[in-house]
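>>> Got a predicted model here, sequence first, then my questions.
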Amino acid sequence: MSSERGVKESAGRPRSAEVSRGIVEAALRLLRERGPQGVTMEAVAQHSGSAKTTIYRRYRNRYELLLASLAFVEGMPEPDPGLSQRERIAFLLGQFRYGLEEVVGLRAVGALLPGDDDPEFTRAFREGVLAPRFEVLLTTLREGVVAGELREDADCPMVVNMLAGSFLARFAVEGTVPADWADTALDSIWPAICR
């Protein structure tokens, strides 16, 4: 495998980056519009303008296509190191929200709720979207502990779960998440973890 997740190495003609991008963008568009069940090899071929054989040359199966598509949105811009710890976390929460709402789509997030109808998508979403974003948030919180801005006894993994969980809970209960979600979530938890 190459460094790009899910993409097979092979001899011969190099893969077109433009075609690869079109395939991934079609998969993400289908995910936002139709949910995980709408992302099939046939639908991606139709919406990307690529033949199914072209897609299968890059991805052995639907899981690899989903993982590569979700990994395409994996990278989160790093917050400015000059920001305070709270500002850095607020920035990362904004990126977390953007990835879920604008890139993947909340319809896809709803598929993670109990009654897992699509284990391929759930696995790819956890590995390609949630795990990397949670890790960046966790690392930033731990840096805050080391820098002395956050309490040494702060349970950083629990804080990440509470912050991300508050977004998912608001969406699950209300069907929408207020624009000021990151600030209100931080307002609630900050006094407990700040020095």
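The structure has been received and is ready for your questions.
>>> Pull out the buried positions in the helix or strand harbouring A45.
Here A45, judged by DSSP states H and E, is contained in helix 41-48. In terms of neighbour count (16 or more other CB atoms under 10 Å), helix 41-48 has its buried residues at M41, A43, V44, A45, H47, S48. Yep, even glycine has a C-beta here, placed from its N, CA and C like the rest.
>>> can you check stretch 127-142 too?
E127, G128, V129, L130, P132, R133, F134, V136, L137, T140, L141.
>>> As PDB, could you dump the C-alpha coordinates of that stretch?
Output of stretch 127-142 as PDB, limited to C-alpha atoms (Å, rounded to 0.1, in the frame of the first residue of the first chain):
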ATOM      1  CA  GLU A 127     -10.600   5.300  11.900                       C
ATOM      2  CA  GLY A 128     -10.500   8.000   9.300                       C
ATOM      3  CA  VAL A 129     -12.300  10.900  11.000                       C
ATOM      4  CA  LEU A 130     -13.000  10.500  14.700                       C
ATOM      5  CA  ALA A 131      -9.700   8.900  15.900                       C
ATOM      6  CA  PRO A 132      -7.400  11.500  14.300                       C
ATOM      7  CA  ARG A 133      -9.400  14.400  15.500                       C
ATOM      8  CA  PHE A 134      -9.700  13.000  19.000                       C
ATOM      9  CA  GLU A 135      -5.900  12.400  19.000                       C
ATOM     10  CA  VAL A 136      -5.200  16.100  18.100                       C
ATOM     11  CA  LEU A 137      -7.500  17.300  20.800                       C
ATOM     12  CA  LEU A 138      -6.000  14.900  23.300                       C
ATOM     13  CA  THR A 139      -2.400  16.000  22.400                       C
ATOM     14  CA  THR A 140      -3.400  19.600  22.800                       C
ATOM     15  CA  LEU A 141      -4.900  19.100  26.200                       C
ATOM     16  CA  ARG A 142      -1.900  17.100  27.400                       C
END
